[in-house]
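[1] 3D, please:
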Amino acid sequence: MKKPHLWLAFFLLVSGVIAFGDDSCEKLAGAKIPGATITLAQTVAAGTFAGPPAPFGGADVSALYKRLPAFCRVVAEAKPTADSDIKIEVWLPVAGWNGKLQGLANGGFAGQIDYPELGTAMSKGYAATGTDTGHAGSPIDASWALGHPEKVVDFGHRGIHEMTRVAKEAVHAFYGKGAQRAYFAGCSDGGREALMEAQRYPADYDGILAGAPANYWTALLSTAATDTQALTLDPGSFIPRAKISTIAAAVNAACDELDGVRDGILNDPRQCHFDPATIQCKAGEDTDKCLTAPQAAALKAIYAGPHDAHGHEVFPGFLPGAEDGEGGWGTWITGAAPAKSLMAFFGIGYFSNMVYEKSDWDYKTFRLEAALKLAEEKTASALNATDADLKPFQARGGKLILYHGWNDPAIPALNTVNYYQSVVAKMGEHASDSFVRLYMVPGMQHCGDGPGTDAFGEYVQLRSDDPQHSMHAALELWVEKGAAPSAMIASKFAADDKQHPTMTRPLCAYPQAAKYKGSGDTNDAASFVCAK
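    Now for the predicted structure:
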């Protein structure tokens, strides 16, 4: 049989009919990576991957797996300490690699690898990598940390760095050359991981996208414990879900038109000075249409945020406007029952397993100043990503985009504003403008949802090649072409139609914000302009 012509072999390679370098994937099993072991290197034929469901109980992803092209799946373990066991996956497209590495983040307490995100990134041409950060479990479970300080460090920052190091080695071994560019993106704890990379490991990534970062971990989880106490120490203080819509309606009635548009979206909730006393029940009354005096006091405390004995703010409070909706206060702050909110789970899990190291620790004994002091001493170096000095990251040409929904009920939006302003203060306005941008998203809740726009290419599955509509594309254009991003267009889609947005709005580089021109369709971005 005659050998095929070179053009035919090339066609078969790029179309994925034959594997890159024949058995080059399987040969990776013998690759030597210091501090890590490759446990699996296997070529996965197109459409044959059978993986786990999406994390956080997400949608069925079997259809996604069936659409995946052929890829080389590398599974590895990194053990930087005797108590480390960091699971890592690297997915390498057999054909059509774009020359880039995409690092994927985690949420909550991590513990899972996001296989759908890996598949989506890889199918878009990226070599993609993910990790469990050193432990397996539910993202709201921190019991793995009890008695394992090295695992806390792995979760805090070492796991993502090890993932990145191993992935770059695997990329080079498979393709015979390193990635031209490396990008990292995450939201919530993933946003904290993103800032950790910029601060601690500035050489890991060229471009970083950090959404709603939980970067001031010790103060955020102290706030979670403080708010849980405000809602539960006095049983009469608890605000049931049935009253959340009453609060939301009162906030909108008081503040919705401050930006000139009545649309249920607070463009800048810092301008809203809603007083919970305005919906306080009359003496002896208690219905879903009002708050009792203890409930009003609890709500006021949550808006205010925790303060120390001298009246100094410890951490920003939650801004008005984030109360209602499936992903609002009823899920994150108040919960279905006392001490059953997500923030209660995170706060209690953190302090019991990482700070006080007592599985039966009682959150009712929490005392803000003493607890925060101990938390800082034991975990700040591992978990907090608050360093404003990003000169090493800037010096090597790194670019950072921050974003946060103003309506976030999990991580107060002002925390990200404060961090951005700390970078500007530390590095100077001119230097900061050369490599970092912040976008605040009106009406968006935690990493998505809410009454405002929440689709702007911030996740792999939402990514497009249009930098005006995709934060990822804008970041890559900035890194690769030096074109700094300005305004972008965010969209809102109905659950059953992801092609035709029901609303578009501009996202403006902070401190600018979208201002209504005074005429035109308020659901059309063209009716707004970015201004201070």
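[2] looking at this structure, which helix or strand is least sure?
    helix 6-14 (a mean of 39; mean pLDDT, DSSP states H and E).
[3] elements contacting the very next helix or strand once past that helix?
    Counting by DSSP states H and E, the next helix or strand C-terminal to helix 6-14 is helix 24-27. The contact analysis (3 or more C-beta pairs under 8 Å, 6 or more residues apart in numbering; DSSP states H and E) places helix 24-27 against strand 36-44, strand 71-78. No exception for glycine: its C-beta is placed from N, CA and C like everyone else's.
[4] which SS state does W361 fall under?
    With DSSP: H, G, I helix; E, B strand; the rest coil as the basis, W361 sits in coil.
[5] these two touch, right, it and M354?
    No. With contact defined as C-beta atoms under 8 Å, W361 does not reach M354; the gap is 10.6 Å.
[6] what pLDDT does F56 get?
    According to the prediction, F56 has pLDDT 59.
[7] please read the previous query as pertaining to E197.
    As predicted, E197 sits at a pLDDT of 98.
[8] what residues sit buried inside the helix or strand hosting it?
    Assigned by DSSP H and E, E197 belongs to helix 189-200. Going by neighbour count (16 or more other C-beta atoms under 10 Å), the buried part of helix 189-200 is D189, G190, G191, R192, E193, A194, L195, M196, E197, A198, Q199, R200.
[9] leaving out sequence neighbours, find the closest residue to the residue positioned nearest the centre of the chain.
    Centroid check for the chain by C-alpha atoms, centre = their mean gives C187 as the closest residue, at 0.7 Å. Among residues not flanking C187 along the chain, G211 sits closest, at 3.4 Å (C-beta to C-beta, 6 or more residues apart in numbering).
[10] what number of residues lie near that neighbour?
    29 (other C-beta atoms under 10 Å).
[11] isn't it right up against Y403?
    Yes. Applying C-beta under 8 Å as the test, G211 and Y403 come out as touching, 5.1 Å apart.
[12] measure the residue nearest to C187 to T133 for me?
    Note on G211: its distance to T133, by C-beta to C-beta, to the nearest Å, is 18 Å.
[13] repeat for D259
    To T133, D259 is 40 Å away according to C-beta to C-beta.
[14] those two: who's more crowded?
    Counting neighbours by other C-beta under 10 Å for D259 and for T133 shows that T133 has the greater number, 27 against 19.
[15] ok, that one - contacts?
    Contact analysis of T133 by C-beta atoms under 8 Å, 6 or more residues apart in numbering lists I86, N106, A110, G111, D154, F155, G159, I160.
[16] let's see 10 Å
    Under the criterion of C-beta atoms under 10 Å, 6 or more residues apart in numbering, the neighbours of T133 are 86-88, 105-106, 109-113, 151, 154-160, 162-163, 189, 193.
[17] give the helix, strand or coil label for K364.
    When classified by three-state DSSP, K364 comes out as helix.
[18] and it, what does it touch?
    With contact set as C-beta under 10 Å, 6+ apart, K364 has these partners: A225, T228, Q229, T232, L233, A339.
[19] shouldn't the fourth one be in contact with D362?
    In other words, T232. No. With contact defined as C-beta atoms under 10 Å, T232 does not reach D362; the gap is 11.7 Å.
[20] which one of these two is surrounded by more residues?
    Comparing T232 with D362 by other C-beta under 10 Å, the one with more neighbours is T232, at 21 against 10.
[21] any idea whether the residue nearest to A483 when sequence neighbours are not counted is helix, strand or coil?
    Nearest residue to A483, sequence neighbours excluded (C-beta to C-beta, 6+ apart): L477, at 5.0 Å. Under three-state DSSP, L477 falls in the helix class.
[22] quick one: residues contacting L477.
    Contacts of L477 were listed using C-beta under 10 Å, 6+ apart, and they are G207, K399, D465, P467, S470, A483, A484, P485.
[23] any idea of the pLDDT on it?
    pLDDT recorded at L477 is 97.
[24] before we move on, what about M1?
    Looking at M1, its pLDDT stands at 38.
[25] I'd assumed A277 was in contact with T292.
    No. Taking contacts as C-beta under 10 Å, T292 lies outside contact range of A277: 11.7 Å.
[26] what about these two, which has more around it?
    Between T292 and A277, counted using other C-beta under 10 Å, the more crowded position is T292 (18 against 12).
[27] and the contacts of stretch 287-296?
    With contact meaning C-beta under 10 Å, 6+ apart, stretch 287-296 is reached by 230-231, 233-247, 249-250, 275-283, 285-286, 297-300, 334.
[28] go on, stretch 303-317?
    Counting by C-beta under 10 Å, 6+ apart, 216, 218-227, 229-230, 251, 272-276, 300-302, 318-320, 368-369, 372, 411-418 sit against stretch 303-317.
[29] mind listing what's buried in that stretch?
    Neighbour count says stretch 303-317 has Y303, G305, P306, V314, F315, P316, G317 buried, by 16+ other C-beta under 10 Å.
[30] and the fifth one, helix, strand or coil?
    This means F315. Of the three states, F315 takes coil under three-state DSSP.
[31] which pLDDT value goes with it?
    pLDDT, F315: 98.
[32] ok, it to D449 distance?
    Distance, F315 to D449, using C-beta to C-beta: 23 Å.
[33] same check, this time on the fourth one
    Using C-beta to C-beta, one gets 28 Å for the distance from V314 to D449.
[34] which regions of the stretch 51-200 of the chain sit below the pLDDT cut-off?
    54-59 (pLDDT under 70).
[35] kindly recompute the last result at 50.
    Scanning the stretch 51-200 of the chain for pLDDT under 50 picks out nothing.
[36] show me where it has strands.
    For the stretch 51-200 of the chain, the strands defined by DSSP state E, counting those that start in this stretch occupy 71-78, 86-93, 100-104, 127-131, 181-187.
[37] next one: the last one to chain centre, how far?
    The gap between where strand 181-187 is centred and where its chain is centred comes out at 11 Å by C-alpha atoms, centre = their mean, to the nearest Å.
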